[in-house]
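K.L.:
this one's structure only:
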């Protein structure tokens, strides 16, 4: 790990010098992450679900609807909705495609290890989806949106919101359905049809708020209920994988999330108090009547409930303390592992030392040590520390430099620990958590002489040990073991600028990633599968009064699909475009948008054996009162 940390000293010098040329625009959130509006992401990417909406963010990779950050696979990325953990204890993941983009106000993305604040599974990063709420104005809003597109895809969204004195509400419903079948090319060039790709879903969101039950208090209740049924077509012939078609398999999901949040400002002095109670229920059913050896049916029910208490306490101008306690109970009732439970008690604390109005170049300096203690009932206790340094210059160039050093971990899932012996596989109750160490060095700069062009660059290096890998033992039974180790380094760059009185905006981002096996075994030094060296996105938009055009370009370099790096998926190079018109007619705000995805009908695959659609068209029309 030490030699990973030698390079950043040189990289930082290069970054500061190169910062004389470029700049960045995204808003920052706690921990050095970025906050972006869901609507803005949809306009950039033509996305209809939150997984696709995130594909243009530096360091984020979408594969089969799952979010990967840098070298970290989906089960090492923590997913939050309104700050609540969504990853279930059985599989470790969460299907982000079930989050309708219409229900989301903004997305916060924190890349790198963040277990010091969020606990288990925040090895690669954290993504927090903040749902919509009523506007502050005492006016009722009502809106609807309808979309029709290729493959008989249909999306309908209806919402209403209002603020009545201290009471407010936001209600929404979304229906999505698609036949889904599309043409693709086999590896030998023969055209075929991807069948059993039908999907349909219904999503309800209710968000109620009441202010000033006590002075300076906010009480919020929210619930989201999602039901979906999708075809599961399986895989076609890949370059390294055999086809496993499932022409009649179905996947059903029923999710419900309940959350009650209370925030009280100035409990004592300037300290506030936030309390959360929540209950989650996720049920997944898979049915394949054509499975080898007879039909296969599985049913997995995951429940979680818990309490979170946290306090932000500005002790003085110099020191702010943040601390809290949480309890979470996870329960899984599964046709695979029967019933399993986990109880986790956690405590976290951070101290932000803020040195402001300094009489030298960096007039705002913050040093933030933080740590979290997690005590789960079914594996070892874990302490996760983090140390951050942030330097800010308040001049018109707004130069900021940041450094973060952290340790993080991924909890072994119920499947890893308790999978029953079935003749081929068995779990391992003696597993330890996967552990990661990461370093990040970054900077941001604004160039006022180039129309406030902005840039951020971020160097990262990480090492992951005790990776849980399923492999055959001496009796040829597959079982998970803490055996693997990997090292990763890379550079993320984001540039934004505007031209012609801000009518044209341009955003360019690039991620360089070098993620390698360091197990000391036969594949030591090989690249990890599905981790490309290069990922690039270009987003440009043109706005003239009520008209807009958005153009998006996505590039991924080749990705190896086997551990010995002998077979790789080819580069991906895709263009998307949309045309929008937003008039005001009959006292209502209207919007119309025409999307074209994969403009040049490129044949490509994000995963081996899973072809992607060619050119797709969508037309959307919507209206709302405000």
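P.N.:
Thanks, I have the structure now. Here the structure is a predicted model, which is why all the values come from computation and not from measurement.

K.L.:
Quote the end-to-end distance of stretch 528-546.
P.N.:
46 Å (CA to CA, to the nearest Å).

K.L.:
Which strand or helix spans the spatially most central residue of the chain?
P.N.:
Nearest residue to the geometric centre of the chain (CA atoms, centre = their mean): residue 127, 4.1 Å. Counting by DSSP states H and E, the element that carries residue 127 is strand 125-131.

K.L.:
Would you mind pulling up the elements that that strand packs against?
P.N.:
If you count contacts as 3 or more CB pairs under 8 Å, 6 or more residues apart in numbering; DSSP states H and E, strand 125-131 packs onto strand 66-69, strand 77-81, strand 104-111. Every C-beta, even on glycine, is put in place using the N, C-alpha and C of the backbone.

K.L.:
Show residues contacting it.
P.N.:
31, 33, 38, 50, 54, 59, 67, 69-70, 72, 77-83, 96, 99, 103-114, 118, 170, 205, 207, 222, 224 (CB atoms under 8 Å, 6 or more residues apart in numbering).

K.L.:
Just the mean pLDDT for that strand, thanks.
P.N.:
Across strand 125-131, pLDDT averages out at 92.

K.L.:
do stretch 300-309 as well
P.N.:
The model assigns stretch 300-309 a mean pLDDT of 96.

K.L.:
now do stretch 34-47
P.N.:
Stretch 34-47 comes out at a mean pLDDT of 82.

K.L.:
Quick check: which ranges of the stretch 401-550 of the chain have low pLDDT?
P.N.:
Across the stretch 401-550 of the chain, the ranges flagged by pLDDT under 70 are 471-473.

K.L.:
show me where it has helices.
P.N.:
414-418 (DSSP state H, counting those that start in this stretch).

K.L.:
how about the strands of it, start to end?
P.N.:
Assigned strands in the stretch 401-550 of the chain, in chain order: 434-447, 453-472, 478-499, 504-517, 534-544, 547-556 (criterion: DSSP state E, counting those that start in this stretch).

K.L.:
Next, the angle strand 125-131 makes with the first one.
P.N.:
Comparing the axes of strand 434-447 and strand 125-131 via axes from the mean of the first three to the mean of the last three CA atoms, to 10 degrees yields an angle of 70 degrees.

K.L.:
one step back: just the helices and strands packed on strand 125-131: most buried one?
P.N.:
strand 77-81 (a mean of 24; mean count of other CB atoms under 10 Å).

K.L.:
roughly how far out does that one sit from the chain middle?
P.N.:
6 Å (CA atoms, centre = their mean, to the nearest Å).

K.L.:
And for stretch 439-450?
P.N.:
The answer for stretch 439-450 is 24 Å, by CA atoms, centre = their mean.

K.L.:
Could you do stretch 323-337 as well?
P.N.:
21 Å.

K.L.:
ok, now stretch 337-346?
P.N.:
Counting by CA atoms, centre = their mean, stretch 337-346 comes out at 24 Å from the chain centroid.

K.L.:
and what of stretch 320-334?
P.N.:
The answer for stretch 320-334 is 20 Å, by CA atoms, centre = their mean.

K.L.:
and for that stretch, what are the contacting residues?
P.N.:
Taking CB under 8 Å, 6+ apart as the rule, stretch 320-334 contacts 85, 88-90, 119, 298-315, 339-352, 354, 370, 414.

K.L.:
Just the buried ones among these, please.
P.N.:
By neighbour count, with 16 or more other CB atoms under 10 Å, the contacts of stretch 320-334 hold 85, 88-90, 119, 300-304, 306, 308, 310-314, 340, 342, 344, 346, 348, 350, 352, 354, 370, 414 as buried.

K.L.:
What about the residues you listed, which are in helices?
P.N.:
residue 414 (DSSP state H).

K.L.:
Count the neighbours of residue 422 for me.
P.N.:
10 (other CB atoms under 10 Å).

K.L.:
burial of residue 145, as a residue count?
P.N.:
18.

K.L.:
wait, doesn't it sit right on residue 619?
P.N.:
No: Residue 145 is not in contact with residue 619 according to CB atoms under 8 Å; the separation is 11.4 Å.

K.L.:
by contact count, what packs against the helix or strand hosting residue 61?
P.N.:
Here residue 61 sits within strand 60-63, counting by DSSP H and E. Packed against strand 60-63 by the contact rule (3+ CB pairs under 8 Å, 6+ apart) you find strand 66-69, strand 605-607.

K.L.:
I'd like the next helix or strand past the last one.
P.N.:
Following strand 605-607 in sequence order, the next helix or strand is strand 610-611 (DSSP H and E).

K.L.:
That following strand pairs with which strands, parallel or anti?
P.N.:
Strand 610-611 has its sheet partners listed here by DSSP bridges as strand 605-607 (antiparallel).

K.L.:
Listing partners with orientation, what would you give for the helix or strand harbouring residue 322?
P.N.:
According to DSSP H and E, residue 322 maps onto strand 319-334. Looking at strand 319-334 with DSSP bridges, its partner strands are strand 296-314 (antiparallel), strand 338-356 (antiparallel).

K.L.:
among the helices and strands packed on strand 60-63, which gets the worst mean confidence?
P.N.:
strand 66-69 (a mean of 89).
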